[in-house]
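Trainee: need coordinates for the below:
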Amino acid sequence: MPTQPDGQDDPQDRISLRKDVRPDDRDVIRAGTTEVSRIDPGDLPEAVPSTPSLAARATRAVTTTRDRAAGQLTTVVVPVIRLAAHALRIVAAAPVLAGLLLLWAAISRGGPVVRESLLLVLLGCIPAAWLAVRRHQLLRAVRAPAELTADLIAVVSGRELWEGLAGNLRSGPKPVSSGRALWALRGLWRGVKAGGGVLDSLTGRPTLVPLMPGRLRGLLMLCVACLVTAGILLAYAVINALLAGIG
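Mentor: Next up, the predicted model:
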């Protein structure tokens, strides 16, 4: 058997020694030796946390401002609508009270005028009932302010529309009475431009439908119709009362 020079190991022994060493995944074996060194996990470089991109930060900023604008609009519009609801109740009740007065005067007079008066009262109650339905829908829209805010956020991605609506409610005198609140609600959409897509999105949200420009204009027209009807019924009641007194 040939001998190896001094200071050198037999290759077979070297291979045998390397097979006997079973380091784990973090062990390092120096080539040609049996020395094993273990790497401390603390020496491994830490992962650098990923920073959001510029586009992500811009999107987050836009979302934050939009949510804030929607919340501010809800804070302003909810008390205004609740105050306006009191005025709407009075306006809706006016034709009914005038109609009852007309029926009382017609019954006091007697004759065919009772039937005619009853027909007038039924016709006069139509705008009153319609206004009562619209009032209920308006109150239902602000019954849950959190839901209203969520619907506002879901409709528009920007903040300009909601800031414009809130600014219209803040620009006038503070609505401390129900009459002023109804007048302030009339100017909610003053000077605010909303595209057809936004209006379509509003239509798809039952909570926001009562706040649409057309609905608010129709609400004021119903108020006018109720007041005119109440005036007509009241005039007929006075005439019938006078005729009943003369007769």
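Trainee: and residue 87, how many neighbours does it have?
Mentor: By other C-beta atoms under 10 Å, 19 other residues sit near residue 87. Any C-beta I mention is one placed from the backbone N, CA and C, and that applies to glycine too.
Trainee: in space, what's closest to it - neighbours in sequence excluded?
Mentor: residue 178 (3.8 Å; C-beta to C-beta, 6 or more residues apart in numbering).
Trainee: now residue 141
Mentor: residue 210 (4.7 Å).
Trainee: what do you get for residue 233?
Mentor: Nearest to residue 233 is residue 98, by C-beta to C-beta, 6+ apart, at 3.7 Å.
Trainee: near that neighbour, how many other residues are there?
Mentor: 24.
Trainee: residues contacting it?
Mentor: Counting by C-beta atoms under 8 Å, 6 or more residues apart in numbering, residue 98 touches 124, 229, 230, 231, 233, 234, 237.
Trainee: got it, and residue 87?
Mentor: 178, 179, 181, 182.
Trainee: find me the pLDDT at it, would you?
Mentor: The model reports residue 87 with a pLDDT of 91.
Trainee: low-scoring stretches of this structure, by residue?
Mentor: Along the chain, the model assigns pLDDT under 70 to residues 1-63, 66, 156-159, 172-177, 191, 193-198, 247.
Trainee: thinking again about what came up before, tabulate the contacts of residue 98 (TSV), appending neighbour count and distance to residue 188.
Mentor: As requested, the contacts of residue 98 are exported to TSV (neighbours: other C-beta atoms under 10 Å; distance: C-beta to C-beta, whole Å):
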residue	neighbour count	distance to residue 188
124	23	29
229	23	26
230	23	26
231	13	27
233	26	31
234	17	31
237	23	36
